[in-house]
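Trainee: Build me a structure from this.
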Amino acid sequence: MDALESQIYNEYLRQLPTKCRGEGKKGEFTDFRKVAERYEAVFFDAWGTLYVRDVLFPGALETVQGLRRAGVKVRLVTNSASLSPLSISRKLERLGFDFADGEIFSACAHLRSIAAELGISELFHVGRNESLPGIAEAGLRDTPTPARPVVAITSVPLDEDGSTARIPVAREILSRPGAVALILNPDAGAPLLGGGRCRAAGAFGMELVRGTGAKVVRTGKPFPRLFREALASVGCAPERALMVGDTLGTDVAGGNGAGLDTLLVAQCYGAPEEWRADAELIDVRPDWVAPGIGAGFLP
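Mentor: Numbers count the residues shown, from 1 in each chain. Have a look, this model is predicted:
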């Protein structure tokens, strides 16, 4: 975790209950299966936990299927805003998962209600072009001349699809009086295949907004709304649910803050010393740590 990620996550944590820090007293490098089957419900992060891009982590499918067979309620709780809820559902189906629509909770799904709260029907989008269907599905028009200066940030733009050309326009809109930046994915960094991390929308959004004076509105983990929605869908007390993810500042801190037990899958870290250093840096600790998503579900 670099200095910018640490700064961003510490900013988030100041907005959450102190219990978001966690105590980390249950166990390290335990058998995932023995832990997960204790709970009535297990909430999974997506990118970095079940897959990266279109590549599944070993045991991801077996883990979800095994928990279902054991009678555990399974939900996907993701900060993904680059794909609309419908696109997420289709991607999961292509990868072999059997999540129903009512089992997927994504930050992008909040866009319609946030727009209603702001009283807008149009905005300017910044992010990869694959994010544009999600704007349309929320009933919003993407335009460089929104009636109210609102910019939605869903992902980091790419040179390859030409979406980086939108950055100067976004800066100009955000510099107008009363401007609002909607950061729909608060993750500051994301794991890459083969190791390492890349900038994610949370960090990109902070850099874009810096110096503009725009108001920032965020949704997704670690903030409470996604967790409340997922808990309502399973009908159990928070302490009977487990949040599983790869990111301490969003998955673990958010789960801790919502009263869930938390499990960090360490498959994206090169060595235990790396995640422990990150935990010290932002003072966030999971209840459990497992080496990978398939631990205990693979032969």
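
Trainee: those helices in the stretch 151-299 of the chain, which residues are they?
Mentor: Using DSSP state H, counting those that start in this stretch, the helices assigned to the stretch 151-299 of the chain run over residues 167-174, 201-209, 224-234, 253-257, 272-282.

Trainee: Buried deepest among the ones you listed, which one?
Mentor: Greatest average neighbour count among the helices of the stretch 151-299 of the chain goes to helix 253-257 (a mean of 29), per mean count of other C-beta atoms under 10 Å. In this view, the C-beta of every residue, glycine as well, is placed from N, C-alpha and C.

Trainee: packing partners for that helix?
Mentor: Where contact means 3 or more C-beta pairs under 8 Å, 6 or more residues apart in numbering; DSSP states H and E, helix 253-257 is packed against helix 3-13, helix 224-234, strand 241-245, strand 261-265.

Trainee: one more time with 7 Å, if that's ok
Mentor: helix 224-234 (3 or more C-beta pairs under 7 Å, 6 or more residues apart in numbering; DSSP states H and E).

Trainee: Could you check how far the closest residue to Ala109 other than its chain neighbours is from Phe297?
Mentor: Residue nearest to Ala109 in three dimensions, not counting chain neighbours: Pro85, with 4.8 Å by C-beta to C-beta, 6 or more residues apart in numbering. From Pro85 across to Phe297, the span is 27 Å (C-beta to C-beta, to the nearest Å).

Trainee: To Val156, which of the helices of the stretch 151-299 of the chain lies closest?
Mentor: Nearest of the helices of the stretch 151-299 of the chain to Val156, taken as C-beta to C-beta: helix 201-209 at 4.6 Å.

Trainee: Show me how far stretch 82-97 is from its chain's centre.
Mentor: 15 Å (C-alpha atoms, centre = their mean, to the nearest Å).

Trainee: May I see the buried residues of that stretch?
Mentor: Neighbour counts over stretch 82-97 (16 or more other C-beta atoms under 10 Å) mark 82-85, 87-89, 92, 97 as buried.

Trainee: which residues sit against the helix or strand containing Pro133?
Mentor: Assessed by DSSP states H and E, Pro133 sits inside helix 132-137. For helix 132-137, the external contacting residues (C-beta atoms under 7 Å, 6 or more residues apart in numbering) are 83-84, 86-87, 108, 111, 125, 142, 152, 154.

Trainee: so of these, which ones are in helices?
Mentor: When these are checked against helices (DSSP state H), the matches are 86-87, 111.

Trainee: closest to Cys268 among these?
Mentor: Distances from Cys268 to the ones in helices among the contacts of helix 132-137, taken by C-beta to C-beta, are shortest for Ser87, at 23.3 Å.

Trainee: Nearest residue to that closest one in space, please, no chain neighbours.
Mentor: Excluding its sequence neighbours, the residue lying closest to Ser87 (C-beta to C-beta, 6+ apart) is Pro133, at 6.4 Å.

Trainee: swap in Glu130?
Mentor: Ser82 is the one closest to Glu130 (C-beta to C-beta, 6+ apart), at 6.0 Å.
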